[in-house]
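Participant: have a look at this prediction, sequence included:
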Amino acid sequence: MTDSSSGKPSRVSELAAVLRGKIGRGEYRPGEKLPTESVLSAEFGVSRTVLREAVAALRADGLLLSRQGSGVFVVEAAKSSYPPLRDTDQTRLSSVLELLELRLAIESEAAALAAQRCNPEQEEYMLSAMKLLRTEVEAGRMAAKADFALHMAIAAASGNPRFGEMLAMFGPDSIPRTMIGTQMTRDPSYLVMLDAEHMAIIKAIQNRDPEAARRAMRDHLGQSQRRYRALQMG
């Protein structure tokens, strides 16, 4: 992400790059908990908002995972011998729709639980992820990773780390933005519609309304299914 007025990297992308480097060099080891927000903010001289957006970006990359009441951890290398679900064949309509159907079942329940269990810190993570997504969209980028970070934040707010772990298996490529090309992702009406769908989920969670949150997530992912099917068939 860059500052659109100067072309220079933003503080969020700069911090994300620094944290990514520390993880790559093993300064933050797999399974290790990151220092607290106050410690990291002081160390890097950034606000907590900037820190949270950078963490959201790394969660979208599958490098970090939030655990309710415990903090943010570096993701451990997968030990499963099963092929990762992110290897979906995006050229096959049936394969993409299968993945969206699976996400719908998982994420609808995660959203409902988030409405019941979300704490103030997790709510702030969701709002930070939404802000990052809007920043990316306004800059004209595909924003798939930022979109994925928002869904990861919602999964984390469920209070059950298995939802986040499952979603991390799908990876950012499971976001339909990566499947439909640049023309639609730059269509203002499409972007406004997606923004409204995401905000409906967040508002339902903020209102502590599990049924509304479940319905909003189902509507969002169901609309994604219909949009992708129409694109492929049209």
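Facilitator: Everything's here; your move.
Participant: middle-most residue in this structure, spatially?
Facilitator: residue 149 (1.6 Å; C-alpha atoms, centre = their mean).
Participant: my guess is it contacts residue 136. True?
Facilitator: No. Between residue 149 and residue 136 there is no contact under C-beta atoms under 8 Å: 9.7 Å. From N, CA and C alone the C-beta is placed, and that goes for glycine too.
Participant: just for the chain, where's the confidence low?
Facilitator: 1-9, 77-93, 177-186, 231-234 (pLDDT under 70).
Participant: what ranges do the helices span in it?
Facilitator: Along the chain, counting by DSSP state H, helices occupy 11-24, 37-44, 48-60, 93-117, 120-138, 144-156, 161-170, 181-185, 188-206, 210-233.
Participant: what's the closest of those to residue 76?
Facilitator: Closest approach to residue 76 among the helices of the chain is made by helix 161-170 (10.0 Å; C-beta to C-beta).
Participant: so how far is that closest one from its chain's centroid?
Facilitator: Distance, stretch centre to chain centre, for helix 161-170: 11 Å (C-alpha atoms, centre = their mean, to the nearest Å).
Participant: deepest-packed of the helices of the chain, please.
Facilitator: Each of those was scored by mean neighbour count; the highest is helix 144-156, a mean of 27, by mean count of other C-beta atoms under 10 Å.
Participant: dump it to PDB, keeping only the CA atoms.
Facilitator: What follows is helix 144-156, C-alpha atoms only, in PDB (Å, rounded to 0.1, in the frame of the first residue of the first chain):
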ATOM      1  CA  ALA A 144      -8.200  -9.400  -2.200                       C
ATOM      2  CA  LYS A 145      -5.700  -9.700   0.800                       C
ATOM      3  CA  ALA A 146      -7.400  -6.800   2.600                       C
ATOM      4  CA  ASP A 147     -10.800  -8.400   2.000                       C
ATOM      5  CA  PHE A 148      -9.500 -11.700   3.300                       C
ATOM      6  CA  ALA A 149      -8.000  -9.900   6.400                       C
ATOM      7  CA  LEU A 150     -11.500  -8.700   7.200                       C
ATOM      8  CA  HIS A 151     -13.000 -12.200   7.000                       C
ATOM      9  CA  MET A 152     -10.100 -13.400   9.200                       C
ATOM     10  CA  ALA A 153     -10.900 -10.700  11.800                       C
ATOM     11  CA  ILE A 154     -14.500 -11.900  11.800                       C
ATOM     12  CA  ALA A 155     -13.500 -15.500  12.200                       C
ATOM     13  CA  ALA A 156     -11.100 -14.500  15.100                       C
END
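Participant: start at 284 instead
Facilitator: Will do, 284 is the new start, and the previous item becomes helix 427-439.
Participant: what's stretch 319-330 in contact with?
Facilitator: Residues from elsewhere that reach stretch 319-330 (C-beta atoms under 8 Å, 6 or more residues apart in numbering): 294, 298, 301, 317, 318, 331, 334, 335, 337, 354.
Participant: rerun at 7 Å
Facilitator: With contacts defined as C-beta atoms under 7 Å, 6 or more residues apart in numbering, stretch 319-330 is touched by 294, 298, 301, 317, 331, 334.
Participant: skip the chain neighbours and tell me the closest residue to residue 315.
Facilitator: Nearest residue to residue 315, sequence neighbours excluded (C-beta to C-beta, 6 or more residues apart in numbering): residue 357, at 5.2 Å.
Participant: would you confirm that that neighbour contacts residue 306?
Facilitator: Yes. Counting by C-beta atoms under 7 Å, residue 357 does reach residue 306; the two are 5.8 Å apart.
Participant: among the helices of the chain, which is nearest residue 313?
Facilitator: Nearest of those (C-beta to C-beta): helix 294-307, 8.5 Å.
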